[in-house]
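1. Give me the fold of what follows.
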Amino acid sequence: MSPQPIVVVGPTASGKSALAVQLATRLGSCQIISADAMSVYRNMDIGTAKPTKSERAGVPHHLIDVADPTDDFGMAQFQDLARSVLREVEAAGDRAIVAGGTGLYVRSIVDDFDTPGRFPEVVATLEAEPNTHALHERLRILDPTAAGKMEPSNRRRIVRALEVTIGSGQPFSSFGPGVDAYPPTRFLQIGLKIDRDVMDSRINQRYDDQMSEGFLAEVESLPAPLSRTAGQALGYRELLQHLEGDVSLEEAVETAKTRTRRFARRQQRWFRRDPRIHWLDAVSPSLLDDAEALVADR
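-> From the prediction side, this is the model:
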């Protein structure tokens, strides 16, 4: 029997990746599965705050750098790969630690979602509509249950729900119990809670550091055009607008900071709804010990 798998979740800049590496090192015989929608892309390193090369050298990491920035890559592809990797890790007798802030990706592993198929022709039609709120209104008419669970500004989720609803002829909300069901799971879920002011400060500082590390040059070096999914990466799309001459660099960075802070708040709301998550203080000096104690108690 392999050890109980662990999940480490939390908002952007809460320290998920660092805790996962520290916990894996402390426990031994662990492998980390990234559940970050943008870390899957090759050459998108600085802006996605991927684990460092030294961190990845010390502990095996999976589902990082598995797609090109020109590839569409969504939950279905992620889930297929994650299931395969999880089987391999557990077959080796190691403990899997899933770490990431993409809520649907995490839930697809924890609850083994029944993922609907893809309908690229439908997506192409939907993406021709620039007004996300109009798409949300369309979803509200076709599948009010799904629309009620999505923020009107969350274009990626809205397009996916419409894609499935239109392409399959069945409401998106009819596939599986949905994200509002929290059945028993074999995963131990650890969540990092962090004060919003501290989180905002970390996000701002991270962007400043990333710009110093060459984030703009990284964006400039990417192939064009980015895929629909890769093009939604926070920071990248704002810097691309600057490179296209639409906004100044200062405006692009400030917009990226603002959007990322808002995104982090949505992450907090998403994860707080899951009663199965054990919450720890992200800035506590005893964070690693507290996390290890949770594992020992199981």
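2. and the closest residue to Glu151 other than its chain neighbours, what element?
-> What sits nearest to Glu151 in space, not counting adjacent residues and going by Cβ to Cβ, 6 or more residues apart in numbering, is Arg266, at 6.8 Å. C-beta here means a position set from N, CA and C on the backbone, and glycine is covered the same way. Per DSSP states H and E: Arg266 is located in helix 249-272.
3. what's that helix in contact with?
-> 9-13, 101, 103, 151, 154, 191, 196, 199-200, 203-204, 207, 211, 216, 234-235, 238-239, 241-242, 247, 277 (Cβ atoms under 8 Å, 6 or more residues apart in numbering).
4. Mind checking which of those residues are in helices?
-> 103, 196, 199-200, 203-204, 207, 211, 216, 238-239, 241-242 (DSSP state H).
5. Would you indicate which residues of the helix holding Arg266 are buried?
-> 252-253, 255-257, 260-261, 263-264, 267-268, 270-271 (16 or more other Cβ atoms under 10 Å).
6. Kindly report the same for stretch 283-290.
-> Buried residues in stretch 283-290 (16+ other Cβ under 10 Å): 287-288.
7. then that stretch to PDB, C-alphas only?
-> C-alpha atoms of stretch 283-290 as PDB (Å, rounded to 0.1, in the frame of the first residue of the first chain):
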ATOM      1  CA  VAL A 283       3.300  32.600   7.600                       C
ATOM      2  CA  SER A 284       3.500  30.600  10.800                       C
ATOM      3  CA  PRO A 285       7.100  29.700  11.800                       C
ATOM      4  CA  SER A 286       5.800  26.200  12.600                       C
ATOM      5  CA  LEU A 287       4.100  25.700   9.300                       C
ATOM      6  CA  LEU A 288       6.200  22.700   8.200                       C
ATOM      7  CA  ASP A 289       5.900  21.000  11.600                       C
ATOM      8  CA  ASP A 290       2.100  21.700  11.600                       C
END
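8. next one: it to chain centre, how far?
-> The chain centroid and the centroid of stretch 283-290 are separated by 23 Å under Cα atoms, centre = their mean, to the nearest Å.
9. all numbers from here: first residue = 379
-> Taking 379 as the first residue, the last one we looked at is stretch 661-668.
10. in the stretch 429-578 of the chain, which spans are helices?
-> Applying DSSP state H, counting those that start in this stretch to the stretch 429-578 of the chain gives helices spanning 431-436, 453-469, 481-488, 498-505, 510-520, 522-525, 533-546, 574-590.
11. Show me what counts as buried in the fifth one.
-> It stands for helix 510-520. Of all the residues in helix 510-520, those buried under the rule 16+ other Cβ under 10 Å are 510, 513-514, 516-518.
12. now for those residues, which pair is the farthest apart?
-> Maximum pairwise distance among those (Cβ to Cβ): 12.7 Å, between Thr510 and Arg518.
13. Reformat the buried residues of helix 510-520 as CSV; add distance to Phe451 and pLDDT.
-> Output for the buried residues of helix 510-520, formatted as CSV (distance: Cβ to Cβ, whole Å; pLDDT from 0 to 100):
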residue, distance to Phe451, pLDDT
Thr510, 20, 96
Leu513, 21, 98
His514, 23, 98
Arg516, 25, 97
Leu517, 22, 98
Arg518, 27, 96
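14. Out of those, which is nearest to Pro562?
-> Distances from Pro562 to the buried residues of helix 510-520, taken by Cβ to Cβ, are shortest for Leu517, at 30.4 Å.
15. Between the two ends of stretch 606-619, what distance do you get?
-> End-to-end distance of stretch 606-619 (Cα to Cα, to the nearest Å): 15 Å.
16. Could you list the residues in contact with it?
-> 415-416, 419, 422, 425-426, 445, 447-452, 501, 505, 533-534, 585, 588, 593-594, 597, 600, 603-604, 625, 627, 630-631, 633-634, 637-638, 641.
17. out of the residues you listed, which are buried?
-> 415-416, 419, 422, 425-426, 445, 447, 449, 451-452, 501, 533-534, 585, 588, 593-594, 597, 600, 604, 625, 630-631, 633-634, 638, 641.
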